[in-house]
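Trainee: give me a 3D structure for the following:
(one chain, ligands or ions: 1)
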Amino acid sequence: MHKSVIAEEGVSGVSLTKEELQRYSRHLIMPEVTAEGQKRLKAASVLCIGAGGLGSPAALYLAAAGVGRLGIVDFDKVDLTNLQRQILHGTKDVGRSKLESARDRLRDINPEIELKLHECRFSSDNAEQIVADYDVIVDGSDNFATRYLSNDVCVFARKPNVYGSVFRFEGQTTVFATHLGGPCYRCLFPEPPPPESVPNCAQAGVLGVLPGIIGMLQAIETIKLILGIGDPLIGRLLHFDALKVHFRELKLRHDSQCPVCGENPTIFAPIDYDQFCGVATEVPAVSVSELKRKLEAREPVQLVDVREPFEHELASIESAKLIPLGELADRLAELDREQLTIVHCHSGQRSAQAVQLLRDAGFANVFNLEGGIARWSDEIDSDVPQY
Ligand SMILES: [Zn+2]
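Mentor: Numbering: from 1, shown residues only. Presented below is the predicted three-dimensional model:
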């Protein structure tokens, strides 16, 4: 049995009301929990990074379990494409802020707990300050920049970081806690993968139930850390394959050369994670309304779609020429170097890389379409399907 991550002095003043004794009775009758454990849960605070696919089940169960203070950080609005997996939100919430939607649902599940909403992007500027207020961090983010950021600030603050990720039919989870003897995310992945090699959920898809499984495992690990029971997933990574219904466990090793938790660390404060992860943010861009104006005015524009052919079939902007990003370098001859060129993809990330590639190849007059075809559909032409 391991030790609870909640300090004794934090639990001593906590008591349970009559309603709470009733609400949590199925916990209290277990000798591994009892009223003492339930008080520990009430004394605990947990931060969910993201109210999306992983954050939804994690937050729902942590709230139901009686975690005393639950924080959520997110800046997004609920979109119809979220509802296939982000079960915190309902159809009536489309267009609302995710945090408001989450608050209503969580309050209904358990009005006894305190909710703290951080309506912002979790960033190098605010991450340390936000994390300082919590005992356990649940990383439900969907991008590498945020994963490295939450890893680093949890190492600095000596807080457990309950990790989860999903991709198509597979997911994985572990607990990073260097102060409890485990490795950190950077020990496993010292360098982020090149951005073009990793499609996100919006590009590759995900089975809607999958983040449910992984997010619930994150909630279980969080509760175990708080109660101090069982064997936490520290130093072990659990991989789940939904198609084979196969759980596999991998042993994780601490890297003595790790720049944040190794013997001679070189990183002591949050860095620029967008730059570290190669997220291209600095390419020249045009807005969807500017593109619309140019097309309507019949200005000569070479519009290039760098998505995959199946995406082009799902939704496309008239007059766009399809050249998937992976083929672009070999098909430059098909483009006119002199003409104004606007590149788009689904949401603007792949096209930003394409703009960089074209500029490096000598195209001077080339721009990224901000927000991609998703924003075009949102703001200009609702006949173009969202996917
Ligand atoms: Zn490390």
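Trainee: touching stretch 309-329 from outside, list them.
Mentor: Contact with stretch 309-329 is made by 196, 203, 295, 301-308, 331, 334-335, 344-346, 350, 353-354, 357-358, 361, 373, 376-377, 381, 384-387, as judged by C-beta atoms under 8 Å, 6 or more residues apart in numbering. For every residue, glycine as well, the C-beta is placed using N, CA and C.
Trainee: show me how far it is from its chain's centre.
Mentor: How far stretch 309-329 lies from its chain's middle: 26 Å, per C-alpha atoms, centre = their mean, to the nearest Å.
Trainee: what about that stretch, start to end distance?
Mentor: Criterion C-alpha to C-alpha, to the nearest Å; first-to-last residue distance in stretch 309-329 is 17 Å.
Trainee: so for it, mean pLDDT?
Mentor: In this model, stretch 309-329 has an average pLDDT of 92.
Trainee: in that stretch, what counts as buried?
Mentor: 311-312, 315-317, 320, 323-325, 328 (16 or more other C-beta atoms under 10 Å).
Trainee: ok, now stretch 67-77?
Mentor: 67-74, 77.
Trainee: closest to residue 188 among those residues?
Mentor: Distances from residue 188 to the buried residues of stretch 67-77, taken as C-beta to C-beta, are shortest for residue 73 (23.4 Å).
Trainee: gap between that closest one and the ion?
Mentor: 23 Å (C-beta to the ion, to the nearest Å).
Trainee: what's the burial count for whichever residue of the stretch 1-150 of the chain sits closest to the ion?
Mentor: Relative to the ion, the nearest point of the stretch 1-150 of the chain is residue 148 (10.9 Å; C-beta to the ion). Around residue 148 there are 24 other residues, counting by other C-beta atoms under 10 Å.
Trainee: SS state for residue 311?
Mentor: helix (DSSP: H, G, I helix; E, B strand; the rest coil).
Trainee: how near is it to residue 85?
Mentor: 19 Å (C-beta to C-beta, to the nearest Å).
Trainee: with residue 98 instead?
Mentor: In terms of C-beta to C-beta, residue 98 sits 13 Å off from residue 85.
Trainee: the two: who's more crowded?
Mentor: Counted by other C-beta under 10 Å, residue 98 and residue 85 do not tie: residue 98 has more neighbours, with 26 against 21.
Trainee: state the pLDDT value of the more buried one.
Mentor: 98.
Trainee: which of the buried residues of stretch 309-329 lies closest to the ion?
Mentor: Of the buried residues of stretch 309-329, the one sitting nearest to the ion (C-beta to the ion) turns out to be residue 325, at 32.0 Å.
Trainee: can you tell me how far the spatially closest residue to that closest one that is not a sequence neighbour sits from residue 374?
Mentor: The shortest distance from residue 325 to any non-neighbouring residue, by C-beta to C-beta, 6 or more residues apart in numbering, is to residue 306 (4.3 Å). As judged by C-beta to C-beta, residue 306 and residue 374 stand 14 Å apart.
Trainee: what residues does this protein put near the ion?
Mentor: Within the chain, the positions adjacent to the ion are 184, 186-187, 258, 261 by C-beta under 5 Å from the ion.
Trainee: what does the host helix or strand of residue 289 rub up against?
Mentor: Using DSSP states H and E, residue 289 maps to helix 288-296. Helix 288-296 has contacts (C-beta under 8 Å, 6+ apart) with 301, 303, 319, 340, 342, 369-371, 375-376, 379-380.
Trainee: quick revisit: now the residues of the chain next to the ion as CSV including pLDDT?
Mentor: Output for those, formatted as CSV (pLDDT from 0 to 100):
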residue, pLDDT
184, 97
186, 95
187, 94
258, 95
261, 96
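Trainee: dump the residues you listed to TSV, plus distance to residue 214.
Mentor: Listed next are the residues of the chain next to the ion as TSV, based on distance: C-beta to C-beta, whole Å:
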residue	distance to residue 214
184	19
186	21
187	21
258	25
261	24
